[in-house]
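*Asks:* Here's my sequence, what's the structure:
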Amino acid sequence: MERLRIDKWLWAARFYKTRSLACEEIDKGRVHVNGVAVKPAREVKAGDTVQMRSANLTRTITVLAVSDRRGPAPAAALLFAETPESIAQRAQAAEQRRLAPEPALSLTQGRPTKRDRRDTQQAKDWGDRWSASIDP
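*Replies:* Just a heads-up that it's a prediction; the model follows:
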C-alpha cells in the first residue's frame, strides 16, 4: 500500500480517536499536507509533511509509512516522525502551561457565607440613612 486517505491515516496513526473526528478537523481547515489545506479524501504517501493545528499549537510531522489498520500505540508511532521544531514548540508550550498560575487561586472573594451576611447586616446602623428625607 503506497497511498491512503488522510483521514484514515490520521486515525490509524492515533492522532484522532475516530475517523469522523479526523474528518471534522480536516473540514475545519486544521490539517495541511505539504502546506496546502486538504479534504478528507486527499491521499498521503511516505515523505509527505502533515501540519495539524489544535488549540494554539501546530504539530508538524513527516509520514514515514502508510497503514490503514489502527494498531497499538507503539506500532502507530512508527508511521510518523515529528520535526525537531515541532517538538521544541510543544515543550515550550508545556513549560508555559506549567508556569502559568492557577486561575482559581486569583479569586479573593466568592459568594458570601452565612456568617459574612450576618456581619454585614449587623454592621448596618439605622442611623446611616440612604434616603434624603430628614426624620426626627
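
*Asks:* which residues of this protein fall in helices?
*Replies:* For the chain, the helices defined by DSSP state H occupy 6-12, 19-27, 73-76, 84-99, 114-123.

*Asks:* Relative to the whole chain's centre, how far out is the last one?
*Replies:* Distance of helix 114-123 from the chain centroid (C-alpha atoms, centre = their mean, to the nearest Å) equals 43 Å.

*Asks:* so what's the residue positioned nearest the centre of the chain scoring on pLDDT?
*Replies:* Taking C-alpha atoms, centre = their mean as the criterion, Ala55 is the residue nearest the geometric centre of the chain, at 4.1 Å. Among the per-residue scores, Ala55 shows a pLDDT of 81.

*Asks:* what's the answer for Met1, then?
*Replies:* Note on Met1: pLDDT of 72.

*Asks:* Name the nearest residue to it, sequence neighbours excluded.
*Replies:* For Met1, ignoring the flanking residues on the chain, the nearest one in space by C-beta to C-beta, 6 or more residues apart in numbering is Val66 at 5.5 Å. C-beta coordinates here come from the backbone N, C-alpha and C atoms, glycine included.

*Asks:* That neighbour: neighbour count?
*Replies:* Using other C-beta atoms under 10 Å, Val66 has 20 neighbouring residues.

*Asks:* State the distance from it to Gln51.
*Replies:* Using C-beta to C-beta, to the nearest Å, Val66 is found at 18 Å from Gln51.

*Asks:* related to what we said a few turns ago, just the helices of the chain: most buried one?
*Replies:* A comparison of the helices of the chain by mean neighbour count, using mean count of other C-beta atoms under 10 Å, puts helix 6-12 on top with a mean of 23.

*Asks:* Can you name every helix or strand that it contacts?
*Replies:* Where contact means 3 or more C-beta pairs under 8 Å, 6 or more residues apart in numbering; DSSP states H and E, helix 6-12 is packed against helix 19-27, strand 31-33, strand 43-44, strand 49-54.
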